[in-house]
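Asker: Quick one, what's the 3D model for this:
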Amino acid sequence: MTQNRAASDPLKQPVTRNRLDRLDLGGTQDPGGWRGWITAQGRRPKSRSLAVIATIIGLVMLLPLLYLVVRAAGVGWTQATDMLLRPRTLQIVFNSVGLATAVTFASLMLALPLAWLTVRTDLPGRRAWTILAAMPLVIPSYVGGFALIATLGPKGMFQELLAPLGVDRLPSIYGFPGALYALTLFTYPYLFLSIRAGLHNLDSAIEEAARSLGYNAWQTFLRVTLPNLRPAITAGSLLVALYTLSDFGAVSLLRFNSFTRAIYVQYLSSFDRSLASLLALILVLLTVLLLLAERRSRGRARYYRSSAGVLRRGRTIKLGRYRWPALIFCAGVVGSALIAPTGVVVYWLVRGLLAGESLLPMWGAIINSVQAGTLAAVAAVLLALPVAFYQVRHPGRFSNLIYQSAYLGYGLPGIVIALSLVFFGANYATALYQTLAMLIFAYVVRFMPQALGNVQTSLVQINPRLEEAGRSLGLGRRSVFFRITLPLLRPGLLAGAALVFLTTIKELPATLLLGPTGFNTLATQIWSATAEAFFARAAAPALLLLVVSALSILLIVSQEE
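Answerer: So this is what the prediction gives:
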C-alpha cells in the first residue's frame, strides 16, 4: 500500500528526461505550475547569487591583465618611452612580427595543397593522409624543438654520423631558421583543418559556372575557389599567428629572441622587472591588433549562395600522372612533421635505456603533471558552470560581458599570465606565491574558456522547460540542478575537463615561473633536459606526452565527418 502511494506521488518519483517529456508542457491549464514560475515578461526570475558568483569569476579572470596595466602605469611615461624605444625592444618587435608572418605564410604553403589533395582529388588513402597530416598538432613546440636540436644540433644524430668523415660542425640551426622550421611544421595543421572545412562547405556550382565561362582549372582555382576560401584561410592564419606570438618553448630552445623569450630572460636577469611587464603589454597589444585585423579582413563580403538549394559537393579530380608527386609531397610533410620527430624521440629513448638512463625521475614528473592537470580540470569546470548558466539562462549585455571577460585569459600568452601572477603573488599574496594553488589558478585563467565553451554548448541544447517542469513538481533549484540539469550536462563537462587536462600537462612557461620549488612536470623536465643537451633524459617524458596528447586530435578528426 505504501509503495503504491509513493508510486502515485509525483514528488517522490525520480525526475528524468523521459518523464519530463511526457508532461503537458504546452497546456493552457497551469494552477501554480511552471508557467507561474516565469515572470510576466516571459523570462525567468534572475538569481542574484548566480549573478554575484559569475561576476566575481569574471573579475578574477581579468586579474592578470589588470595587474599588468597597473604595474606598467607605475613606471612613468618618460621611463616607459625610453624602454620601449630602445633598439633592443624594437628588434624584439621586429623579430616577433617577422617570425609570425613567415610561419603563417610557410604554413599556408603546406596546408593549402594538403587540404586540396585530401578533399578534392583521388589521392590514395585520403582518410589516412588526413589523420596523419593533422597529427603534428599534438606535438608541443618544445618537443619539436627538442627533436630538431637532437637531430641537427651540435651533439645531435647527424653530427655523430658525420664525425668519422671529418665533419666537426654542422651549420647552426639556432635563431630564425630553426624557429621558422619548427613552428611551421607544428602549426600548419591549424590551417589544414580550417581549409579542409572550407572546401567541404564550398558549393561546386560556382566552380562549374566559371568553367562554363571559359576559365581553365588553374584560373578557376585562383579566381573562384581561393577567394571563397578566404574566411577559412583567415581563421586558420589567425590561429597560426597567435600561436607563434605566444610560443615560448621552441623559441627558447632555439635561442630566437622573440617576445616570450625576452620577457622570460628579463624576468630572471633583472631586479627591476618593469620592462618585462611593458613587453608583456606590447605582446597583448599585438594579439588584440591581430584579432581586429582578422575581423576587419572579413568585411561585408558574402560567402554563401543567394538562392536556396542543395549544396553540391565538388567532383573528384583525377590526379593521373601527378599521383606520385602528390604522394611524395604528402609523405614529405608527414615525415618531417610527425614521423621524424617521433622517431628521434624513440631513438634517444632506446639509446638512453641502453646506456643505463633511469626512468625513475620521470615518475615524479608524471605524478605532478597528472595532479596539476586534474586539479586544473576540476577547478575550470566548477568555475565555468556559473558563468555559462548566467549567460545562457539570463542573457543580456551584462551577462555577455561577464562571459567574454572569462575568455580573455585564453587570448593571453602563458608567459604574460605567469608574469602578472608572479608580480601579484610576490607583492600582495605572499602566502600563495610559488604554491600549487597559484599554479592551478594560472592554469584556470589560461584554459577555463575551453571548459566554458563545452559547458555553454551543452547548456544551450537543454530545453529550459525541463528545469521549469521540475520546479512545477515541487523541486527546489538545487534539486533541479542535480537531478535534471547536471546529468544532461555530463558529456559537456567531461569533454571540457578532458580538454583542459590535456592542454594543462603541456603548458610550459606558467609552470616554469609559478611552480613550487622542485615541482617538475613532464613539460619542464623536457625543457630543462633539452636545454642542457641531455637528449636521452628528455626522450621518455617527451614520448609519454605525445601519446597522451594524441587523444585530443583523434577526437577532433573523428568528429569531422
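Asker: now the helices for the stretch 251-400 of the chain?
Answerer: All helices of the stretch 251-400 of the chain, identified by DSSP state H, counting those that start in this stretch, fall at 259-269, 274-298, 323-334, 340-354, 360-393, 397-406.
Asker: Which of these comes out lowest on mean pLDDT?
Answerer: Ranked by mean pLDDT, the helices of the stretch 251-400 of the chain end with helix 274-298 in last place, scoring a mean of 73.
Asker: Now do that one against helix 259-269, angle only.
Answerer: Following axes from the mean of the first three to the mean of the last three CA atoms, to 10 degrees, one obtains 170 degrees for the angle between helix 274-298 and helix 259-269.
Asker: Buried ones in helix 274-298, by neighbour count?
Answerer: Of the residues in helix 274-298, those buried under the neighbour-count criterion (16 or more other CB atoms under 10 Å) are 274-284, 286-287, 290, 294. In this view, the C-beta of every residue, glycine as well, is placed from N, C-alpha and C.
Asker: repeat for stretch 439-446
Answerer: With the criterion 16+ other CB under 10 Å, stretch 439-446 contains buried residues 439-446.
Asker: mind checking how far residue 99 is from residue 335?
Answerer: From residue 99 across to residue 335, the span is 24 Å (CB to CB, to the nearest Å).
Asker: cool, residue 325 as well?
Answerer: In this structure, residue 325 lies at 15 Å from residue 335, with CB to CB as the measure.
Asker: If you count surrounding residues, which of those two has more?
Answerer: residue 335 (13 against 10; other CB atoms under 10 Å).
Asker: Below-threshold pLDDT in the stretch 151-300 of the chain: ranges please.
Answerer: For the stretch 151-300 of the chain, residues meeting the criterion pLDDT under 70 lie at 155-156, 166-167, 201-220, 222-224, 269-274, 291, 294-300.
Asker: what about 80?
Answerer: Using pLDDT under 80 as the threshold, the predicted model of the stretch 151-300 of the chain has low-confidence ranges 153-172, 197-232, 235, 239, 265-281, 283-284, 287-300.
Asker: thinking again about what came up before, go through the buried residues of helix 274-298 and name the one nearest residue 130.
Answerer: Nearest to residue 130, judged by CB to CB, of the buried residues of helix 274-298 is residue 294 at 25.5 Å.
Asker: Out of the helices of the stretch 251-400 of the chain, which is closest to residue 139?
Answerer: With distances scored as CB to CB, the stretch of the helices of the stretch 251-400 of the chain nearest to residue 139 is helix 340-354 (6.0 Å).
Asker: Now that closest one: buried residues?
Answerer: With the criterion 16+ other CB under 10 Å, helix 340-354 contains buried residues 340-342, 344-345, 347-349, 352.
Asker: okay if I get the residues you listed as CSV plus distance to residue 149?
Answerer: Supplementary listing: the buried residues of helix 340-354 in CSV, determined by distance: CB to CB, whole Å:
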residue, distance to residue 149
340, 13
341, 11
342, 15
344, 10
345, 12
347, 13
348, 11
349, 16
352, 16
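Asker: For residue 283, which non-adjacent residue is spatially closest?
Answerer: The shortest distance from residue 283 to any residue that is not its chain neighbour, by CB to CB, 6 or more residues apart in numbering, is 4.6 Å, and that residue is residue 259.
Asker: Surely the one you found and residue 281 touch.
Answerer: No. Contact criterion CB atoms under 8 Å: residue 259 and residue 281 do not qualify, at 10.6 Å.
Asker: which other helices and strands contact the host helix or strand of residue 188?
Answerer: Taking DSSP states H and E as the definition, residue 188 sits inside helix 176-200. Helix 176-200 makes packing contacts with helix 87-120, helix 126-134, helix 141-152, helix 230-246, helix 249-253 when contacts are defined by 3 or more CB pairs under 8 Å, 6 or more residues apart in numbering; DSSP states H and E.
Asker: And the last one, how far out from the chain middle?
Answerer: Put plainly, it is helix 249-253. Centroid displacement of helix 249-253 relative to its chain, using CA atoms, centre = their mean, to the nearest Å, is 18 Å.
Asker: hang on, residue 520 in a helix?
Answerer: No. Membership of residue 520 in a helix is not supported by DSSP: H, G, I helix; E, B strand; the rest coil, which gives coil.
Asker: can you count the residues close to it?
Answerer: For residue 520, the neighbour count with other CB under 10 Å is 20.
Asker: List the contacts of it.
Answerer: 361, 364-365, 368, 528 (CB atoms under 8 Å, 6 or more residues apart in numbering).
Asker: give me that answer again for 6 Å
Answerer: For residue 520, the contacting residues are residue 365, taking CB atoms under 6 Å, 6 or more residues apart in numbering as the criterion.
Asker: before we move on, the earlier item: name the residues of the helix holding residue 188 that come out as buried.
Answerer: Neighbour count says helix 176-200 has 176, 178-200 buried, by 16+ other CB under 10 Å.
Asker: Ok, stretch 234-241 next?
Answerer: Within stretch 234-241, the residues that qualify as buried are 235-241, counting by 16+ other CB under 10 Å.
Asker: So what touches that stretch?
Answerer: Under the criterion CB under 6 Å, 6+ apart, residues 100, 104, 107, 187, 190-191, 194, 290, 294, 297 lie in contact with stretch 234-241.
Asker: Can you give me the distance of residue 548 to residue 425?
Answerer: Per CB to CB, residue 548 is found 29 Å from residue 425.
Asker: what's the answer for residue 227, then?
Answerer: With distances taken as CB to CB, residue 227 is found 50 Å from residue 425.
Asker: Show me which of the two is the more surrounded one.
Answerer: Between residue 227 and residue 425, residue 425 has the larger neighbour count (other CB under 10 Å), namely 20 against 11.
Asker: Okay, and the more buried one sits in which element?
Answerer: Counting by DSSP H and E, the secondary-structure element that holds residue 425 is helix 414-427.
Asker: buried residues in that helix?
Answerer: Buried residues in helix 414-427, counted by 16+ other CB under 10 Å: 414-425.
Asker: Save those as JSON lines, and put in distance to residue 139 too.
Answerer: Shown next, in JSON lines, are those (distance: CB to CB, whole Å):
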{"residue": "414", "distance to residue 139": "17"}
{"residue": "415", "distance to residue 139": "20"}
{"residue": "416", "distance to residue 139": "23"}
{"residue": "417", "distance to residue 139": "23"}
{"residue": "418", "distance to residue 139": "22"}
{"residue": "419", "distance to residue 139": "26"}
{"residue": "420", "distance to residue 139": "28"}
{"residue": "421", "distance to residue 139": "27"}
{"residue": "422", "distance to residue 139": "28"}
{"residue": "423", "distance to residue 139": "32"}
{"residue": "424", "distance to residue 139": "32"}
{"residue": "425", "distance to residue 139": "32"}
